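Trainee: After the sequence you'll find the predicted model.
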Amino acid sequence: MNNVSNDSTFNAFLSQNENGQLGKTNGVQPFLTLPNILTEEEKTAWKTAMNGGWTTNTMSVGLISPPMVDNNLNHPTWFLLKGTNLNLNPTSFSIVLIDSSDNVIAAIPNNQVQLNSNGIELTFYYNFSGFQTGDFRVRLWNGVSYHTTTMHTTISNTFPRIDLNSLNWDKVFFGGNSSSIIQAVGSSVVLKTDQDIKALADDNEIISSLMSNQFIGANKDFYLSYNTTANTAINPSFTTIANTYISLIPVGTPNNLIIKGISQLKHNLGSYFSHPGFQAKEIKSFLNGIQLPVQSYVDVSYNVVIQRTGQLYTVVITNTLNNQISNFSFTGTSEALCLLVQGSNRAMTYENTINFIEGFELN
């Protein structure tokens with residue numbers, strides 16, 4: 001017989017019933033009985049192949065951050081989902097938000113979704129300004145099947161806010177000196193080199209330590225968001241690295257020039273691949289000694305969200321220029337916490353502004 005595999009006019013199959021009788025078929029019946037003769041492994045392999053090689057295993061979501069969104073805020077909110085088998089097919093996926101009656105209240109545009117091939121996480125953003133208050137869940141489509149999260153996110157404008165504007169700061173400077181240009185007032189901190197504290201030098205020694213009063217109580221879940229911006233225009237020829245440390249610290253910890261913290265972000269201001277820029281260089285949990293993944297951005301500004309649920313801390317870093325995000329989680333403490341911002345010395349001047357934008361108690 002001739003090979004007619006590529007001839008569209010040949011569209012019937014030769015088939016045989018259990019009595020040995022031959023006939024032609026359009027393929028529907030053999031296709032419908034195929035699952036009955038495949039093993040589970042063969043079924044999975046077939047589904048994956050039909051989905052372009054992307055997973056069709058059962059999806060699950062164990063974490064959604066943040067668990068709340070303020071509908072008074074007219075800007076996008078980034079959401080992080082963590083679970084298993086979340087490496088969705090980029091050509092045939094969808095994400096929608098549904099209410100308690102399973103009605104779709106929003107469809108997330110695909111260009112507002114960042115997929116990750118590791119299958120452990122995905123992220124998306126959406127602006128909830130003016131949305132009706134209430135709870136919603138997330139429904140995922142991976143090209144073959146649906147999954148609806150069991151946990152929900154609440155849309156409201158009545159969450160107990162943390163009053164970041166009323167923060168008071170204890171300031172410690174190198175040598176017991178004082179500074180008129182390093183500022184910490186309410187929710188805003190400005191770090192700079194200051195030759196009145198210490199002669200400018202590339203010694204990278206901590207010269208300022210600014211600790212707030214308590215911002216969250218013990219055993220309280222919370223959501224905290226802040227922006228950090230490096231003013232590279234103040235010195236565009238910056239060729240060395242200046243470090244800023246932004247940390248959470250248990251209430252009662254002494255304020256001094258020793259680097260410490262539970263969730264510590266080390267921000268490097270300086271030359272990166274020959275371009276002045278701002279990076280989140282190292283992230284550590286000093287509480288349990290874990291070295292977390294290195295984050296590197298060339299850009300000068302980004303947003304950081306920290307959420308505590310019990311003793312689980314989730315940190316999401318968003319590059320504010322291109323919306324690229326990175327995240328990590330770790331187990332920490334449920335103690336009452338303060339904020340700690342520390343800056344280092346450098347031979348060339350620099351400026352780093354940290355604005356703590358909003359915070360909510362979640363329980």
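Mentor: Sure, I can see it. Numbering: from 1, shown residues only.
Trainee: Using PDB, write out the CA atom coordinates for the host helix or strand of residue 62.
Mentor: In this structure, residue 62 sits in strand 60-65 according to DSSP states H and E. What follows is strand 60-65 as a C-alpha-only set of coordinates in PDB (Å, rounded to 0.1, in the frame of the first residue of the first chain):
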ATOM      1  CA  SER A  60      -2.400  22.900  43.700                       C
ATOM      2  CA  VAL A  61      -1.900  26.300  45.400                       C
ATOM      3  CA  GLY A  62      -0.700  26.400  49.000                       C
ATOM      4  CA  LEU A  63       0.000  30.200  49.400                       C
ATOM      5  CA  ILE A  64      -1.500  33.400  48.000                       C
ATOM      6  CA  SER A  65       0.200  36.600  48.900                       C
END
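Trainee: Specify the local secondary structure of residue 260.
Mentor: The local conformation at residue 260, judged by DSSP: H, G, I helix; E, B strand; the rest coil, is coil.
Trainee: let me fix that: residue 29
Mentor: helix.
Trainee: For it, give me its contacts.
Mentor: Applying C-beta atoms under 8 Å, 6 or more residues apart in numbering to residue 29 gives the contacts residue 15. (Glycine included, C-beta is placed from N, CA and C.)
Trainee: Can you give me the distance of it to residue 16?
Mentor: Here the distance between residue 29 and residue 16 works out to 12 Å (C-beta to C-beta, to the nearest Å).
Trainee: and if you look at residue 175?
Mentor: Look at residue 175 and residue 16: by C-beta to C-beta, they are 94 Å apart.
Trainee: ok, now residue 220?
Mentor: Using C-beta to C-beta, one obtains 70 Å as the distance from residue 220 to residue 16.
Trainee: So for the two, which residue has more residues nearby?
Mentor: Higher neighbour count among residue 220 and residue 16: residue 220, with 16 against 10, using other C-beta atoms under 10 Å.
Trainee: Show the contacting residues for that one.
Mentor: When contacts are counted by C-beta under 8 Å, 6+ apart, residue 220 touches 308, 336, 361-363.
Trainee: Can you say which of those residues are buried?
Mentor: Taking 16 or more other C-beta atoms under 10 Å as the criterion, what is buried in these is 308, 362.
Trainee: ok, which stretches of the stretch 151-300 of the chain are strands?
Mentor: If you assign secondary structure with DSSP state E, counting those that start in this stretch, the strands in the stretch 151-300 of the chain sit at 153-156, 169-173, 183-185, 188-192, 206-212, 222-230, 242-250, 264-272, 275-285, 290-292.
Trainee: in the second one, what counts as buried?
Mentor: Meaning strand 169-173. Of the residues in strand 169-173, 169, 172-173 count as buried by neighbour count, 16+ other C-beta under 10 Å.
Trainee: and residue 106, what helix or strand is that in?
Mentor: Counting by DSSP H and E, the element that carries residue 106 is strand 104-107.
Trainee: just residue 43 next, same as before
Mentor: Assigning secondary structure by DSSP H and E places residue 43 in helix 40-50.
Trainee: where do the helices sit along the protein?
Mentor: Taking DSSP state H as the test, the helices found in the chain are 28-33, 40-50.
Trainee: I'd like to know which of those helices has the weakest mean confidence.
Mentor: Per-segment mean pLDDT for the helices of the chain reaches its minimum on helix 40-50, at a mean of 69.
Trainee: pretty sure residue 317 contacts residue 301?
Mentor: No - contact status for residue 317 versus residue 301: not in contact, 11.4 Å apart, counting by C-beta atoms under 8 Å.
Trainee: returning to what we had before: list just the nearest of the buried residues of strand 169-173 to residue 158.
Mentor: Distances from the buried residues of strand 169-173 to residue 158 were compared by C-beta to C-beta; the smallest belongs to residue 169, at 28.8 Å.
Trainee: Now that closest one: closest residue in space, sequence neighbours ignored.
Mentor: The shortest distance from residue 169 to any residue that is not its chain neighbour, by C-beta to C-beta, 6 or more residues apart in numbering, is 3.7 Å, and that residue is residue 184.
Trainee: got the CA coordinates for stretch 309-322 in CSV?
Mentor: C-alpha atoms of stretch 309-322 as CSV (Å, rounded to 0.1, in the frame of the first residue of the first chain):
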residue,chain,number,x,y,z
THR,A,309,1.5,34.5,58.5
GLY,A,310,2.2,32.7,61.7
GLN,A,311,6.0,32.2,61.5
LEU,A,312,6.0,32.0,57.7
TYR,A,313,7.6,35.1,56.0
THR,A,314,7.0,35.7,52.3
VAL,A,315,9.0,38.4,50.5
VAL,A,316,8.2,39.7,47.0
ILE,A,317,10.6,42.1,45.3
THR,A,318,9.3,44.0,42.2
ASN,A,319,11.5,45.9,39.8
THR,A,320,9.4,49.1,39.4
LEU,A,321,10.8,49.8,35.9
ASN,A,322,10.0,46.6,34.1
